[in-house]
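Peer 1: Got a predicted structure here, sequence first:
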Amino acid sequence: MVNKIVLTYLAADFVFVATGGLIMGFSLISESLIRATPTIGNVAQDLLLGECPLTAGVVNAVFIFVTFVIGLPALVLPNNRGWLRAQGWAVVLCGTFTLILGLVIWFDTLATRSNLSSIWGQTPPLDQSLLQEKFNCCGYLDSQSPPFIQDGTCPNALIAAQKQGCVQPFSDFANSYLDLIFTSAFGIVGIDVVMLLSVVVMIKHRQELERYRHIDEKNYGGI
């Protein structure tokens with residue numbers, strides 16, 4: 001009969017590998033969205049996703065899958081602790097990798113305005129027009145800095161001058177969107193910690209079983 005320690009380990013292991021699927025899915029879907037035709041609904045998030053370490057996210061997901069596979073022999077070999085130790089070190093690597101990715105995105109939020117200024121300068125006029133329409137703004141800092149894109153939202157200089165620049169609403173959107181991403185990354189690190197603790201408990205459990213087995217062998221041998 002499987003005991004609670006093993007069940008807890010299995011539950012943590014499957015949740016752990018599920019985070020790898022989550023990271024892989026997010027990274028691949030995001031890369032697909034970036035290549036899609038920009039619209040008013042996706043232009044802002046796609047520009048932000050283009051600045052995220054999506055390729056590193058795919059690599060991180062692969063590490064998580066490999067870590068899950070490393071733990072499979074430990075289930076087949078109930079007395080083995082070597083594979084569990086290897087999995088524990090691999091979990092530490094995955095958790096560190098995910099933490100670094102989260103910190104990279106978090107640091108970007110600390111310099112949102114300067115980062116967005118660079119993004120805006122590299123954005124094609126069509127995308128700038130979509131951003132103006134999305135946030136009902138004209139230009140970046142204001143209608144003249146840099147000059148606004150003439151479109152339905154900003155049809156002329158007079159109307160454009162009466163509207164705010166895009167920097168503030170774009171910054172607010174970027175902060176809330178990136179906050180969600182790096183908070184999710186830190187949440188995954190928390191799951192990694194739970195997984196690591198589960199591995200440690202499993203190793204300790206098997207050490208105890210080994211000790212009791214040796215005691216029984218000595219007692220049996222003394223009869």
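Peer 2: All right, it came through fine.

Peer 1: center of this protein, which residue is that?
Peer 2: In the chain, the centroid-proximal residue (CA atoms, centre = their mean) is residue 185; its distance is 4.0 Å.

Peer 1: how deep is the residue lying closest to it once chain neighbours are set aside tucked in, by neighbour count?
Peer 2: Distances taken as CB to CB, 6 or more residues apart in numbering put residue 102 closest to residue 185, at 3.2 Å, once the chain neighbours are dropped. Glycine gets a C-beta too; all of them are placed from N, C-alpha and C. Residue 102 has 19 neighbours, counted by other CB atoms under 10 Å.

Peer 1: Please tell me how far residue 102 sits from residue 46.
Peer 2: 21 Å (CB to CB, to the nearest Å).

Peer 1: Equivalent analysis for residue 67, please.
Peer 2: Residue 67 is 31 Å from residue 46, by CB to CB.

Peer 1: Assign the residue nearest to residue 185 to helix, strand or coil.
Peer 2: When classified by DSSP: H, G, I helix; E, B strand; the rest coil, residue 102 comes out as helix.

Peer 1: So for it, what pLDDT did the model give?
Peer 2: Looking at residue 102, its pLDDT reads 94.

Peer 1: next one: residue 116
Peer 2: 90.

Peer 1: can you pull the contacts of it?
Peer 2: Residue 116 is in contact with 167, 170, 171, 174, counting by CB atoms under 8 Å, 6 or more residues apart in numbering.

Peer 1: name the helices or strands packed onto the longest helix along the chain?
Peer 2: Criterion DSSP state H: the longest helix present in the chain is helix 167-221. Contacts defined by 3 or more CB pairs under 8 Å, 6 or more residues apart in numbering; DSSP states H and E place helix 167-221 against helix 4-35, helix 43-49, helix 82-110, helix 112-122, helix 125-135.

Peer 1: what's the distance between the second one and the middle of its chain?
Peer 2: Its chain's C-alpha centre lies 16 Å from the corresponding centre of helix 43-49 when counted by CA atoms, centre = their mean, to the nearest Å.

Peer 1: Could you point out the helix or strand that follows that helix?
Peer 2: Reading on from helix 43-49 to the C-terminus, the next helix or strand found by DSSP states H and E is helix 54-76.
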